[in-house]
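1. dropping the sequence and predicted coords here.
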Amino acid sequence: MADEALAVLDTILPDYSFSNLQETVFCEVWEGKTYAEIAESCGYEHSYIRDVGFKLWQRLSVALKQKVTKSNVRSVLRRYSRAQLSSLGIYGYQDRIKTSVGNSLSPALVPELDFPSGPVPLNSNLYIERPPIEALTYAEVSKPGSLIHIKGPRQKGKTSLVRRIVAYAKKQGFRTVTLSLHRADSQVFTNLDKFLRWFCANVSRQLGLSLQLDHYWDSDIGSKVSCTTYFEDYLLEEVDRPIVIALDEVNQIFEYPELSRDFLSLLRSWYEDARELEIWQNVRWVIAHATDVYVP
């Protein structure tokens, strides 16, 4: 959508203040309008609107170090977003917080600050945004069938970012589910069937739906197919809005190689199904895990 594209534009040119007309031209071009159509709707000469667009593409070309035009701006910004998200290792969040806040206060006040050792609350002044990460994830979670993969060492802000993505999704009117695998009992990880039933039960509860596992679960077709059927024939049919499912501390399953392999391959198959099946396009995934995990 044009609003998400504008957010990406702000990350590319953070120090540039766009005029209302520039934003209008950009959004209308993003939606496929011609300069003539934009000029007519805005009440300007065609040549003036074309000049506004030309200067905007020039500025983007310099910032991105590649040629940007009216005809390729969509593909260029999408490639930029994918490139930024693919390298989304979250490092140094708490260090950035301490440095930024500490530098802005007198030395006498710094020791009195209570820096959070866990996730930073949504309304906390101690959370320092790290552009362009937030804007890119907000744009990505708005896309049908998207997946955001967040990885990094422990205590580096992954959960804080996940919570902000979920909060943004709620503001857009999406249904949200947040599951931390830290909260699962150890016996849940003993086999795939138990884990998938736990997963489905928690998603059902957070969506406010009654539990119907026994109606859809069939040992003859296997746990993964049963879980898929539960989602496709029940959960996703009952919800008429996009759903964001955020899975935090996914590293909890890494010490169970067989379970990890089966569950992650199932998530990948659902993500790939979204390319063709409309029902899976309503699901957007946020998956976070630590990289410094000891596996015995």
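-> Okay, I see it.

2. for residue 149, what is the enclosing helix or strand?
-> strand 147-152 (DSSP states H and E).

3. with residue 16 instead?
-> Here residue 16 is assigned to no helix or strand, by DSSP H and E.

4. and the helices in the stretch 101-250 of the chain?
-> 133-141, 158-171, 192-206, 213-216, 223-230, 236-238 (DSSP state H, counting those that start in this stretch).

5. what about the first one, average pLDDT?
-> Looking at helix 133-141 alone, the average pLDDT works out to 86.

6. just want the angle from that helix to helix 158-171.
-> 50 degrees (axes from the mean of the first three to the mean of the last three Cα atoms, to 10 degrees).

7. which strands and helices sit next to helix 133-141?
-> Helices and strands touching helix 133-141, as assessed by 3 or more Cβ pairs under 8 Å, 6 or more residues apart in numbering; DSSP states H and E, comprise helix 2-12, helix 73-86, strand 147-152, helix 158-171, strand 283-290. (C-beta placed from N, C-alpha, C; glycine too.)

8. quick check: angle from the second one to strand 147-152?
-> Helix 73-86 runs at 40 degrees relative to strand 147-152, counting by the same axes, to 10 degrees.

9. centre of the chain versus helix 73-86, how much separation?
-> 14 Å (Cα atoms, centre = their mean, to the nearest Å).

10. hmm, residue 164 is touching residue 134, no?
-> Yes: in terms of Cβ atoms under 8 Å, residue 164 counts as a neighbour of residue 134; the distance is 6.5 Å.

11. higher neighbour count, the two?
-> Neighbour count, other Cβ atoms under 10 Å: between residue 164 and residue 134, residue 164 has more, with 20 against 17.

12. quick one: low-confidence ranges for the stretch 101-250 of the chain?
-> Scanning the stretch 101-250 of the chain for pLDDT under 70 picks out 101-131, 155-156.
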